[in-house]
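Engineer: Provide a 3D model corresponding to the input given below.
(2 chains)
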Amino acid sequence: PVAQVRRPRPLGPYDTKEAVTPYRSVTTYNNFYEFGLDKGDPARNAGSLRTRPWTVTIDGEVKTPRTVDLDTLQSWFPLEDRVYRMRCVEGWSMVIPWMGFPLAALIRRADPTGAARYVKFTALHDPEQMPGQRRPVLDWPYVEGLRLDEALHPLAFMAVGIEGRVLPNQNGAPLRLVVPWKYGFKSIKSVVRITLTREMPRTTWALAAPSEYGFYANVNPQVPHPRWSQATERRIGEGGRRPTLLFNGYTQVADLYRGLDLRRNF
Amino acid sequence: MPAVWTGGALPAVILVWDALTGALGANPVQRATLQSGLLTLALLLLSLACTPLRLLTGWTWPARIRRALGLLAFGYGTLHFLIYLYDHGFTLAVMQEDVLERPFVTAGFLALLLLLPLALTSTPASVRRLGFRTWTRLHRLAYASAALGALHYFWGVKQDRTAPLVWAAVLLGLLLLRWYRPSRPMS
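Structural biologist: Numbers count the residues shown, from 1 in each chain, chains lettered A, B, ... in the order given. Model prediction:
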């Protein structure tokens, strides 16, 4: 066997230079309640998820609603690498080299009508494949959403892989959202439906605990969670804590929220 | 007695061993916090189970290991608190904000604080000095501490509250057993 030498690729405009979190941590420390509540459960249990064949339905306020096979959908877009910070609402963070395509490209291809204002994402609902869904811990299926202008921001990303490898099941295979300036729970995993809507979608965590998790969920050190401060975070693999940055350091999204009270709209 | 101390110290040894060998996973501090907290609550409930067990069975050994269990609970509670402080770089301002503004932390902090006088008066000499009646009344604080500990756990869990509710039910059961005195004349 020939030794593989990984050459560092040149950094793109959206990449962070920060040290990438060890692959083992990224793939063994997950919040994915569809496979259990413990951080180690998804890595243990997600083997039951069948990621092919996989279809994604694009519907709602679009010119032509359709259901498309994932491999077809993937072939529409050139795959890109993006090294993003990921900040969990629980106070820990990682740096993950995603592979995928910009969400904006998918939305444009879907051709929204003039009435579309939000994008609603729905994850797979199948207790056979997702044992965590046999218990009513959350209102299944998992639903997330973005404002249309948030979804069109070049940072919003659909991932199909990590570090050039196909996305492990526990990380949301075969297709997941990545919104790096928002808390991790916004980045819904194992997406089967993308719906353009007129109304703000009712999202899973905002329904489960409205005083703790809002629709926006922008990373914000100034707005504490009711049970802990959000001022600092523990970067997985590092000792100590580092300060949490507004919008997780992605200040280029600030224009999206001009005039919006971020304390109220947490 | 040595068996209780050895058995009680074992989880701490395993915790340290796991921490040193990297067996605590990607976020060892969070894992250690959770484990030490659960051990505190478990030992506290075990110490509270001693008297009901003695009353129900007539055995005397539960009474003899009660002190060790209580002190172990205090020890694990202190460890839990120290890990929390370590997590925040021993920044007292963070602790102050947490204790004053976040009921979840306030409950845990008070639970440990209530155990402090009990740990300090755990010796037979203290029983003599305070008098049995006063000492007994003081040590009923263990129930308040356990209740606050269970509340702390309940508030700390993100969504599935089954486990904290089971702990709270056990505590309630122990309390009811104390109120419902069987016809035995002892105590």
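Engineer: Which stretches in chain B count as helices?
Structural biologist: Taking DSSP state H to define them, one finds helices in chain B at B:2-21, B:28-57, B:61-87, B:92-101, B:103-120, B:124-130, B:132-139, B:141-156, B:162-179.
Engineer: ditto for chain A
Structural biologist: In chain A, helices defined by DSSP H lie at A:23-28, A:41-45, A:70-75, A:103-110, A:148-151, A:204-208, listed in chain order.
Engineer: Just give me the neighbour total for residue 114.
Structural biologist: No chain in the question, so chain A it is. Applying other C-beta atoms under 10 Å in any protein chain shown, we find 6 other residues in the vicinity of residue A:114. In this view, the C-beta of every residue, glycine as well, is placed from N, C-alpha and C.
Engineer: you looked at the wrong chain, it should be chain B
Structural biologist: Counted with other C-beta under 10 Å, residue B:114 comes out at 19.
Engineer: how near is it to chain A?
Structural biologist: 21 Å (C-beta to the nearest C-beta, to the nearest Å).
Engineer: Was I right to think that residue contacts residue B:143?
Structural biologist: No: checked against C-beta atoms under 8 Å, the pair residue B:114 and residue B:143 is beyond contact range at 9.5 Å.
Engineer: Determine which of the helices of chain A approaches residue A:60 most closely.
Structural biologist: Residue A:60 lies closest, by C-beta to C-beta, to one member of the helices of chain A: helix A:103-110, at 9.0 Å.
Engineer: Show me which residues of chain B sit near chain A.
Structural biologist: Within chain B, the positions near chain A by C-beta under 8 Å from any C-beta of the partner chain are B:25-27, B:29-30, B:87-89, B:94, B:97-98, B:101-102, B:104-105, B:155-156, B:158-160.
Engineer: could you redo the last one with a cut-off of 10 Å?
Structural biologist: Listed as neighbours of chain A in chain B under the rule C-beta under 10 Å from any C-beta of the partner chain: B:25-31, B:34, B:86-89, B:91, B:94, B:97-98, B:101-105, B:155-163.
Engineer: Need the buried ones from these selected in PyMOL.
Structural biologist: Per 16 or more other C-beta atoms under 10 Å in any protein chain shown, the buried members of those correspond to this PyMOL selection:
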select buried, chain B and resi 25+26+27+28+29+30+31+34+87+88+94+97+98+102+104+105+155+156+158+160
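Engineer: which residues touch residue B:19?
Structural biologist: Residues near residue B:19 by C-beta atoms under 10 Å, 6 or more residues apart in numbering or on different chains: B:28, B:29, B:31, B:32, B:83.
Engineer: From these, pick the one nearest chain A.
Structural biologist: residue B:29 (6.6 Å; C-beta to the nearest C-beta).
Engineer: Could you tell me which residues make contact with that closest one?
Structural biologist: Applying C-beta under 10 Å, 6+ apart to residue B:29 gives the contacts A:92, A:234, A:239, A:240, A:241, B:19, B:83, B:84, B:86, B:87, B:88.
Engineer: what about the residue of chain B found nearest chain A, distance to residue B:38?
Structural biologist: Closest to chain A within chain B is residue B:26: 3.5 Å, counting by C-beta to the nearest C-beta. From residue B:26 across to residue B:38, the span is 19 Å (C-beta to C-beta, to the nearest Å).
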